[in-house]
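# Everything below, folded, please.
(chains A and B)
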Number of protein chains: 2
Amino acid sequence: MTWQETAEKHRNRIAAAIPDEWRLTSMPPGDSVMSVPRDSGLLTQEELAITESTATDLVAKMAARELTSVAVTTAFCKRAALAHQLVNCCHEFFPDLALARAKELDEYISKNGKPVGPLHGLPISLKDQLRIKGLETTMGYVAWIGKRDTEDSVLVSLLQRAGAVFFCKTSVPQSLMVCETINNIMGRTVNPRNKNWSCGGSSGGEGAMVGFRGGLIGIGTDIGGSIRVPAAFNFLYGIRPSHGRLPYAKMANSMEGQETVHSVCGPLTHSIADMRLFMTSVLAEKPWEFDSKVIPMPWRQAEEDAIKTKIASKDLTLGFYNCDGVVLPHPPILRAVQTVVDAVKGAGHTVEPWEPYKHEEAWKLANSIYSSDGGTDIGAVLKESGEPAIPNIRELVDLTVTKSDINEVWDKQLKKWRYQCDYLDRIRAFEDKLGRSLDAIIAPITPTAAVRHNQFKYYGYATAVNLLDFTSVVVPVTFADKSVDVADTSYKPLSELDAAVQADYDAGIYHGAPAAVQIIGRRLTEEKIMAIAEEIGRLLGNEVTP
Amino acid sequence: MTWQETAEKHRNRIAAAIPDEWRLTSMPPGDSVMSVPRDSGLLTQEELAITESTATDLVAKMAARELTSVAVTTAFCKRAALAHQLVNCCHEFFPDLALARAKELDEYISKNGKPVGPLHGLPISLKDQLRIKGLETTMGYVAWIGKRDTEDSVLVSLLQRAGAVFFCKTSVPQSLMVCETINNIMGRTVNPRNKNWSCGGSSGGEGAMVGFRGGLIGIGTDIGGSIRVPAAFNFLYGIRPSHGRLPYAKMANSMEGQETVHSVCGPLTHSIADMRLFMTSVLAEKPWEFDSKVIPMPWRQAEEDAIKTKIASKDLTLGFYNCDGVVLPHPPILRAVQTVVDAVKGAGHTVEPWEPYKHEEAWKLANSIYSSDGGTDIGAVLKESGEPAIPNIRELVDLTVTKSDINEVWDKQLKKWRYQCDYLDRIRAFEDKLGRSLDAIIAPITPTAAVRHNQFKYYGYATAVNLLDFTSVVVPVTFADKSVDVADTSYKPLSELDAAVQADYDAGIYHGAPAAVQIIGRRLTEEKIMAIAEEIGRLLGNEVTP
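Modelled structure (predicted):
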């Protein structure tokens, strides 16, 4: 079989997994598909209400036996089926398994009178990197089609213990090393708000799926923005926890064993409340007893309480930057940063400019780490099936990229550590100058609002944070608006790359695209940064229903 | 200048740093030098009392202004000067700087009425890997002689903030990658209890210095036993904290940037109380704000209290093994393990056999990680001065060791992670079977009591723990006794290596050598394992004064 035939067969299998009664008879007109769940008539009023609810509310209702998991799972499976038909976001779709599991959970609670765990009955979507015993993990590689997993990823088994229901695995770009979502098996995943925009990547299928409410909590991974970018492009919250907070063991990956910059996993959600539900539920399972890389650090309620007291006292101290000195963000992102700064200042907190420290070096160092093996690992998987590299990763697998010697890698690791420590020095200097401790930094996560296909050019806003291993939470802020987000024609680009990014801006085409910021904190400050992100969301009044 | 001349000049400079009035006029007869401080008449009664006290007691008395730091520092400088003359354990000795600092601290407390911090006035010895601005760090490399440090290691500056006084830097083996202490600059450091025995290594100078009470808290580092082995060989407590608990930034090292198995730092002490003083003092300085690799995890009093409650209720559950399946320990170590098992069981706790899981693989994997660069880094430093490799590291720098390719290193990292997770699985299975949670494992740290020079052959008891990144505390147990520690002549060695280790045993020559065990806990369980080690020490009644 040619790789094309193998891919087509897989694609057809996924399409066939959608029951006839959940199929659209025609594609909707226009660029946005967000109104299809309501307009198509395929979902009942109850199913619409369930999928437009919150995870926090749903688990409470299931625990109180006001809702069954079968009802909830059916609703999300139907909406997810629509999502896949509309934006092509699934690598696997298994409603039968999901409904069987939901039924078991319903029987359990009816027999025992209590839920199996804090996520009892809740459907959760998984990036196609997490392994479920018996299913496939292709990660967008044709060569991996047909290889069934023999064990669950640790996160999968812990979520299962907490009561979650799995129903789909979502799309990723071939290799994962891209912030858009395209591969040779499924093709491209598009943004449900506008099919001309990217859903982001590499957790792009999650971004599209959760953005469309085919699920309310989706699991992504982030080594260079791969949770945060899809969250931003789909008007969602997304957290890149610091390495060691959540279990990553037994997941698939490109360049497995690369530990210089760790990929981390985390949820994409519609609210911080749902994100907290996920984090507390996973940590309650003591993931450090299963995955050696997880730090024995339960949810620190005292940290959450302390920052909430500070918030209530209007006593936060935040830094901010809208340009990292490498690429200036487009007008919608500059406005998003300013909107957040104004909101936080307006509420009485302290916000001061933060000077980004050598972000260009950080970005370049991160890139050189990602390409340490000169594309050997990814190249080998591509060769196995004969499929070509997607255009977006050609640089990574190009044979002109030199493989690093082990001593060169150690040197990169030393540079990384030194950079991290220097950054801490800068924070302490900032605090000394201000006489206040810094709680977080407001920054762009991408230079663009939800980007047009094949125009993702600059990863530095995301990757500097990965190199630092800082905690970062993306907060959705606003939407590009052609009437106010006008380009400054007198702007002199910082570099050729900057000029190329600026040239891509078109206020008309970007009109309506989600614009987000990230809230960055020191390493392992998840409780704190989530609470600050929640307060910013509250100040912005950005809770949206579709 | 030849490398020999450079080394001799350095050696002479250190010797000359000892004031005439602290010099011995003749070397004592016999193999042990432990009685010299008392016999030589060089120390006053007060100085003997100070050096034979505890760090915990001394800081309390200095804080209460019952003792001055000048008095305490003088006492330890004198005793350290004796140590160096007797066992050759200093790479740097700077009593003038120490006394100037002590004077400042005395002035501070007399002016302000309170100590600068919890270690106010306490002399602390440093392995010659920690940098002090303006001094040299040779780490046993001739090439590094004369290079003055331009910044303090993070741990040095935090200890300074806590009030510590530095007075010496202690000896290490060339490259650090050996559990004995010998280099081409200073020669060999010997064990103060018997000059025919090794002081251990690589923190061997610390082991000898603290063992001799030239200081009460010494800072070592451990990538393959380098804190625990010298602690064991000098009848001391020593902790290998898990990576990320204490700050290592800005220290010198061989193979800097190697992060597959992290070297960690930690104290060697005469008691767990002094160890706790050190740990709580450093953590109170928030090292995570200075070193990015440190986890924001303050001293967890709740963890300490919880395990102490368990101890009081005779409710501990410990595993134990006396053989890892690779090399059987000598009779004194087998007896040490049994002594601890009996003591803990006798006190009413639960002790069950623990089956070591694939320790041979762990040891081999660790070795292949330590030699990943085929000796490139160490070889380059040796080449710089022209000095030869010490015999003990020839295997590491031998050109026949192949340098690993980066994909091979990633594969090793993946194997390490998998091994760690498998080990966690074993612990959970053990717990499930017993219906009790496992608190710690009692195990040998070396197959020998304090080893004879050049006979350290097997590192596996130590390195398996480094590979796992488990917390481990060495507890001194007993001394080899020729009347009871008789070799089993019917024993069939497990391998050639085992046979070689067994052949080295000689009950007469080992008579009196310190024999220790290590108490191993999961990752980042310092509070818990220290409390268990303390209880074991109490049960053994092993608090000793010289």
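
# hey, let's count contacts and neighbours off CA atoms from now on
Noted.

# Tell me the buried residues in the host helix or strand of residue A:351?
Using DSSP states H and E, residue A:351 sits within strand A:350-353. Buried residues in strand A:350-353, defined by neighbour count with 16 or more other C-alpha atoms under 10 Å in any protein chain shown: A:350, A:351, A:352.

# and the next element down the chain from it?
With elements assigned by DSSP H and E, the helix or strand that comes after strand A:350-353 is helix A:359-370.

# and that following helix, what does it pack onto?
If contacts are counted by 3 or more C-alpha pairs under 8 Å, 6 or more residues apart in numbering or on different chains; DSSP states H and E, helix A:359-370 sits against helix A:406-434, helix A:460-468.

# ok, so of the buried residues of strand A:350-353, who is nearest chain B?
Of all the buried residues of strand A:350-353, residue A:352 has the smallest distance to chain B: 20.1 Å, by C-alpha to the nearest C-alpha.

# all strands of the stretch 51-200 of chain A, in order?
A:90-93, A:123-127, A:165-170, A:182-183, A:187-188, A:190-191, A:194-198 (DSSP state E, counting those that start in this stretch).

# Check the ones you listed for me and report the most buried one.
Of all the strands of the stretch 51-200 of chain A, strand A:190-191 has the most neighbours on average by mean count of other C-alpha atoms under 10 Å in any protein chain shown, namely a mean of 31.

# Residue A:18 and residue B:39: what is the separation?
Using C-alpha to C-alpha, to the nearest Å, residue A:18 is found at 90 Å from residue B:39.

# Could you check which of the two has the larger neighbour count?
residue A:18 (20 against 11; other C-alpha atoms under 10 Å in any protein chain shown).

# and the more buried one, that one's in a helix?
No - applying DSSP: H, G, I helix; E, B strand; the rest coil, one finds residue A:18 to be coil, outside a helix.

# how deep is the residue in the stretch 201-350 of chain A that chain B sits nearest to tucked in, by neighbour count?
In the stretch 201-350 of chain A, the residue that lies nearest chain B is residue A:257 (4.2 Å; C-alpha to the nearest C-alpha). Counted with other C-alpha under 10 Å, residues neighbouring residue A:257 total 21.

# just the one 5 residues further on next, same as before
Residue crowding around residue A:262 was assessed by other C-alpha under 10 Å; the count is 19.

# List the contacts of it.
Contact partners of residue A:262, counting by C-alpha atoms under 8 Å, 6 or more residues apart in numbering or on different chains, are A:223, A:243, A:466.

# Likewise for residue A:493?
The contact partners of residue A:493, by C-alpha under 8 Å, 6+ apart, come to A:327, A:328, A:499, A:502.

# Now which of those residues would you call buried?
For the contacts of residue A:493, a burial check counting by 16+ other C-alpha under 10 Å picks out A:327, A:328, A:502.

# Tabulate the helices and strands packed on helix A:359-370 (CSV), appending distance to residue A:168 and mean neighbour count.
CSV is the format used below for the helices and strands packed on helix A:359-370 (distance: least, C-alpha to C-alpha, whole Å; neighbours: other C-alpha atoms under 10 Å in any protein chain shown):
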stretch, distance to residue A:168, mean neighbour count
helix A:406-434, 37, 18
helix A:460-468, 27, 25
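
# Tell me where the stretch 201-350 of chain A has helices.
For the stretch 201-350 of chain A, the helices defined by DSSP state H, counting those that start in this stretch occupy A:204-211, A:228-233, A:272-284, A:301-312, A:331-346.

# want to throw these into TSV with mean pLDDT and mean neighbour count?
Converted to TSV, the helices of the stretch 201-350 of chain A look like this (pLDDT from 0 to 100; neighbours: other C-alpha atoms under 10 Å in any protein chain shown):
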stretch	mean pLDDT	mean neighbour count
helix A:204-211	98	35
helix A:228-233	98	34
helix A:272-284	98	20
helix A:301-312	98	15
helix A:331-346	98	21
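
# what's the spacing between residue A:533 and residue A:475?
6 Å.

# meant to ask about residue A:251, not that
In this view, residue A:251 and residue A:475 are 27 Å apart by C-alpha to C-alpha.

# Then residue A:238?
Distance from residue A:238 to residue A:475, by C-alpha to C-alpha: 7 Å.

# which residues do those two both contact?
residue A:232.

# Please read off the pLDDT at the spatially most central residue of chain A from the model.
Of all residues in chain A, the one closest to the mean position by C-alpha atoms, centre = their mean is residue A:227, 2.1 Å from it. As predicted, residue A:227 sits at a pLDDT of 98.

# Can you list phi and psi of it for me?
Backbone geometry at residue A:227, expressed as degrees, to the nearest 10, gives phi -100, psi -50.

# For whatever residue of the stretch 1-150 of chain A ends up closest to chain B, grab phi and psi.
Residue of the stretch 1-150 of chain A nearest chain B, by C-alpha to the nearest C-alpha: residue A:150 (14.9 Å). Per-residue torsions, residue A:150: phi -100, psi -10 (degrees, to the nearest 10).

# Which residue, neighbours along the chain excluded, lies closest to it?
residue A:133 (5.0 Å; C-alpha to C-alpha, 6 or more residues apart in numbering or on different chains).

# Residue A:525 now?
Leaving aside its chain neighbours, residue A:525 sits nearest to residue A:471 (6.0 Å; criterion: C-alpha to C-alpha, 6+ apart).

# what pairs with that neighbour across the strands?
Under DSSP bridges, the beta-bridge partners of residue A:471 are residue A:521.

# Would you agree it is in contact with residue A:242?
Yes - look at residue A:471 against residue A:242 with C-alpha atoms under 8 Å: they come within range, at 5.0 Å.

# anything in contact with each of those two?
Common neighbours of residue A:471 and residue A:242, using C-alpha under 8 Å, 6+ apart, are A:523, A:524, A:525, A:526.

# Most neighbours among those residues, which one?
Going by other C-alpha under 10 Å, residue A:526 tops the shared contacts of residue A:471 and residue A:242 with 27 neighbours.

# list the helices and strands the helix or strand of chain A with the lowest mean pLDDT packs on?
Of all regular secondary-structure elements in chain A, judged by mean pLDDT, DSSP states H and E, the least confident is helix A:394-397 with a mean of 78. Judged by 3+ C-alpha pairs under 8 Å, 6+ apart, helix A:394-397 is in contact with helix A:376-385.

# so what does the helix it packs on touch, helix or strand wise?
Using 3+ C-alpha pairs under 8 Å, 6+ apart, helix A:376-385 sits against helix A:394-397.

# which bits of the stretch 201-350 of chain A sit near chain B?
For the stretch 201-350 of chain A, the residues in contact with chain B (C-alpha under 8 Å from any C-alpha of the partner chain) are A:255-260, A:289-293, A:295-296.

# picking up where we left off before, turn the helices of the stretch 201-350 of chain A into JSON lines, including distance to residue B:216.
As requested, these are exported to JSON lines (distance: least, C-alpha to C-alpha, whole Å):
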{"stretch": "helix A:204-211", "distance to residue B:216": "56"}
{"stretch": "helix A:228-233", "distance to residue B:216": "50"}
{"stretch": "helix A:272-284", "distance to residue B:216": "40"}
{"stretch": "helix A:301-312", "distance to residue B:216": "36"}
{"stretch": "helix A:331-346", "distance to residue B:216": "51"}
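
# what are the bridge partners for residue A:191, then?
In this entry, residue A:191 is beta-bridged to residue A:194, by DSSP bridges.

# do you know how far it is from chain B?
For residue A:191, the distance to chain B (C-alpha to the nearest C-alpha, to the nearest Å) stands at 35 Å.

# Return the residues in contact with that residue.
Residue A:191 makes contact with A:87, A:197, A:198, A:199, A:200, A:208, A:233, A:234, according to C-alpha under 8 Å, 6+ apart.

# Now the two most distant members of the residues you listed.
Farthest pair in the contacts of residue A:191 (C-alpha to C-alpha) is A:87 and A:233. Separation: 14.0 Å.

# in chain A, which segments are predicted with low confidence?
Scanning chain A for pLDDT under 70 picks out A:399-400, A:543-546.

# Could you give the residue of the stretch 51-200 of chain A that lies closest to chain B?
In the stretch 51-200 of chain A, no residue comes nearer to chain B than residue A:154, which is 9.9 Å away by C-alpha to the nearest C-alpha.
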